[in-house]
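K.L.:
requesting a structural model of the entry that follows:
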Amino acid sequence: MPTHRTTATPGPTTAPAPQATVTDVVHPVPYYSQWASPELVREIVTGGLSATRDPKWASYGASSPEEYDWWSWRLCGMACLRMCLAHWGQPVPTAMELAAGCERAGAYVRREDGGLDGLIYAPFARHVEASWPLTAECRPGLDVSEIPQLLAKGRLLMLSVHPSVRELHPSPPGRGGHLVLAVGATPDALLVHNPSGFPGESQEYARIPWADLDRFYAGRGVVLGLKDRS
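P.N.:
Residues are numbered from 1 along each chain as shown. Below you'll find the predicted structure:
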């Protein structure tokens, strides 16, 4: 089951960021998984454990283990938003509370077949700016070369990548389909908080070498920042 409903597509080819132009920047961002128990993500993702058996399911804000199971596979974007809110000192609602707000805003749309479309970036960005003292820019075209520049300016970036980025798969079937939060950069690698990353391996400050990013990155995302209060 996908962790993000956006279809994985080949997307535009993007060149790795020039190493000479990237300086170290790492933002101290709290981590949230898209599941209530980050330590169980490997078992859940690989099918060894049903999310309905996650002992912390109620903390997600769901009304039942079954509701939690259905939503948790789809809320990588809400995990990223929770991280951004925590980073900028805002109250952090449950994933289900955030999802309900995004659904009302049109950023999640239920389909007649029982599925879910989203996260849809444009209404999501409008909803974020209307709800919190944050800026949110929908970027359907976001070149790799811009990523370290935006991070250096204090922004955090929700980036569309293939879910197999958690293991740096040598041949992913496509690009996109899952959201991670870019929280830092070095001359050699992009640093991300991955909502579906494996504990101790690819959850917090997971390294994606610039040379590998193009295999997974769909060239789109949402750029978030703190509004200027001056």
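K.L.:
could you pull out the strands for the chain?
P.N.:
Using DSSP state E, the strands found in the chain span residues 25-26, 109-110, 116-117, 134-139, 156-161, 178-185, 189-193, 206-209, 217-226.
K.L.:
where are the low-confidence patches of this structure?
P.N.:
When residues are selected by pLDDT under 70, those of the chain lie in 1-20, 229-230.
K.L.:
change it to 50
P.N.:
By pLDDT under 50, the weakly predicted segments of the chain are 1-16, 18.
K.L.:
in it, which spans are helices?
P.N.:
For the chain, helices defined by DSSP state H occupy the ranges 41-45, 65-72, 76-87, 95-104, 121-131, 146-152, 210-213.
K.L.:
in CSV: those helices, plus mean neighbour count and distance to residue 162.
P.N.:
All C-beta spots, glycine's among them, are computed from the backbone N, C-alpha and C. What follows is the helices of the chain, written out as CSV (neighbours: other Cβ atoms under 10 Å; distance: least, Cβ to Cβ, whole Å):
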stretch, mean neighbour count, distance to residue 162
helix 41-45, 21, 14
helix 65-72, 19, 19
helix 76-87, 26, 12
helix 95-104, 19, 22
helix 121-131, 18, 17
helix 146-152, 20, 17
helix 210-213, 18, 11
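K.L.:
save those as TSV, and put in distance to residue 191 too.
P.N.:
Output for those, formatted as TSV (distance: least, Cβ to Cβ, whole Å):
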stretch	distance to residue 191
helix 41-45	19
helix 65-72	24
helix 76-87	13
helix 95-104	23
helix 121-131	22
helix 146-152	9
helix 210-213	11
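K.L.:
picking that back up, of all the strands of the chain, which one is nearest residue 89?
P.N.:
Taking Cβ to Cβ, strand 217-226 is the member of the strands of the chain nearest to residue 89, at 8.8 Å.
K.L.:
do you know which of the strands of the chain lies nearest residue 59?
P.N.:
With Cβ to Cβ as the criterion, residue 59 lies closest to strand 189-193 of the strands of the chain, at 18.8 Å.
K.L.:
is it true that residue 54 touches residue 34?
P.N.:
No. The criterion here is Cβ atoms under 8 Å, and residue 54 misses it with residue 34 at 11.5 Å.
K.L.:
what do the two both touch?
P.N.:
Contact with both residue 54 and residue 34 is made by residues residue 72, according to Cβ atoms under 8 Å, 6 or more residues apart in numbering.
K.L.:
these two - which one has more neighbours?
P.N.:
The residue with the greater number of neighbours, taking residue 54 and residue 34 and applying other Cβ atoms under 10 Å, is residue 34; the counts read 28 against 23.
K.L.:
any idea how far the more buried one lies from residue 126?
P.N.:
To residue 126, residue 34 is 22 Å away according to Cβ to Cβ, to the nearest Å.
K.L.:
out of the helices of the chain, nearest to residue 58?
P.N.:
Nearest to residue 58 among the helices of the chain is helix 65-72 (7.9 Å), distances taken as Cβ to Cβ.
K.L.:
helices or strands up against the closest one?
P.N.:
Helices and strands touching helix 65-72, by 3 or more Cβ pairs under 8 Å, 6 or more residues apart in numbering; DSSP states H and E, are helix 95-104.
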